[in-house]
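[1] build me a structure from this.
(one chain, ligands or ions: 1)
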Amino acid sequence: MTDLFKEKAQDWDANDMVRGLSTGIANAIQANVALDETLQVMDFGAGTGLIALQIADKVNKVTAVDVSQAMLDKLQAKAELHGKVEALCQNILEQPLGIRFDLIVSAMAMHHVEDTDKMVACLAEHLKPGGRIALADLDEEDGSFHSVDAKGVYHTGFDRETLQSLLSRHGFKDIRFVTAHVLNKSDRLYPVFLVLATGA
Ligand SMILES: C[S@@+](CC[C@H](N)C(=O)[O-])C[C@H]1O[C@@H](n2cnc3c(N)ncnc32)[C@H](O)[C@@H]1O
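    Residues are numbered from 1 along each chain as shown. Have a look, this model is predicted:
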């Protein structure tokens, strides 16, 4: 599979917008989910580990799942994550891990997954009974956030009501949304939601 983030991985962490967004999302996760040192956490689409960096010391372990080896190479180069974060380059929609987590977090990965229904089913399948999700992505936008030739972008953000219905159909309960951050890109504002829910 082509690594669509091979180039971007090289200077991903140097991007102020990306760093500000990661901090906003990690803060929103911590404000809305009680993290503790018993929790087994999956970061879906973990990239270079910007979210893991901010939560790993508050939980038992983070399993960082991504389909880009280049992004995960950057994560694995971070000494402070060693022993706390395990990186797995695997498309879990096709090859489930066979293990379940207390919490699944995700930042800006969902719009890169074509089949949202399949992704939600997959996340549900990787949760322990009563486990939680905290997933962040763009609110529905007009398509201007990514360049027209961007590869691997399947959604122009998400409509909250539609995503809520989908989560509900897959058995999620106590579904609520908060605005985690508002991105300012080329003088346009793009809100980013964090959806919180409890699995069946
Ligand atoms: C916009 S980046 C976000 C990275 C990181 N979460 C962050 O906030 O910096 C999206 C990430 O999702 C990953 N991704 C895309 N499709 C995926 C899939 N099916 N499973 C896991 N990760 C995926 C990409 O490889 C990329 O690392």
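[2] which parts of the protein are strands?
    40-44, 61-66, 85-89, 101-107, 127-138, 173-185, 188-198 (DSSP state E).
[3] Arg160: neighbour count?
    15 (other Cβ atoms under 10 Å). Where C-beta positions appear, they are placed from N, C-alpha and C, glycine not excepted.
[4] now the one 5 residues further on
    The number of residues packed near Ser165 is 12, by other Cβ under 10 Å.
[5] from the centroid of this protein, which residue is nearest?
    By Cα atoms, centre = their mean, the chain has its centre lying nearest to Ser106, at 1.5 Å.
[6] hang on, that residue packs against Ala136?
    Yes - counting by Cβ atoms under 8 Å, Ser106 touches Ala136, with 6.6 Å between them.
[7] hang on, the earlier thing: out of the strands of the chain, nearest to the ligand?
    Minimum separation from the ligand across the strands of the chain (Cβ to the nearest ligand atom) falls at strand 101-107, 3.5 Å.
[8] convert the C-alpha atoms of the closest one to CSV, please.
    Extracted in CSV, the C-alpha atoms of strand 101-107 (Å, rounded to 0.1, in the frame of the first residue of the first chain):
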residue,chain,number,x,y,z
PHE,A,101,-9.2,-1.4,24.7
ASP,A,102,-10.7,0.7,27.5
LEU,A,103,-10.5,3.8,25.4
ILE,A,104,-10.0,4.6,21.7
VAL,A,105,-8.8,8.1,20.8
SER,A,106,-8.3,9.5,17.3
ALA,A,107,-7.3,12.8,15.9
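[9] what helices and strands are in contact with that strand?
    helix 16-32, strand 40-44, helix 50-55, strand 127-138 (3 or more Cβ pairs under 8 Å, 6 or more residues apart in numbering; DSSP states H and E).
[10] for the chain, which residues are neighbours of the ligand?
    5, 18, 22, 44-47, 50-51, 65-68, 71, 91, 93, 107-109, 112-113 (Cβ under 6 Å from any ligand atom).
[11] the closest residue to Arg176 other than its chain neighbours: neighbouring residues, count only.
    Nearest non-adjacent residue to Arg176, counting by Cβ to Cβ, 6 or more residues apart in numbering: Leu196, 5.4 Å away. Leu196 sits with 19 neighbouring residues when counted by other Cβ under 10 Å.
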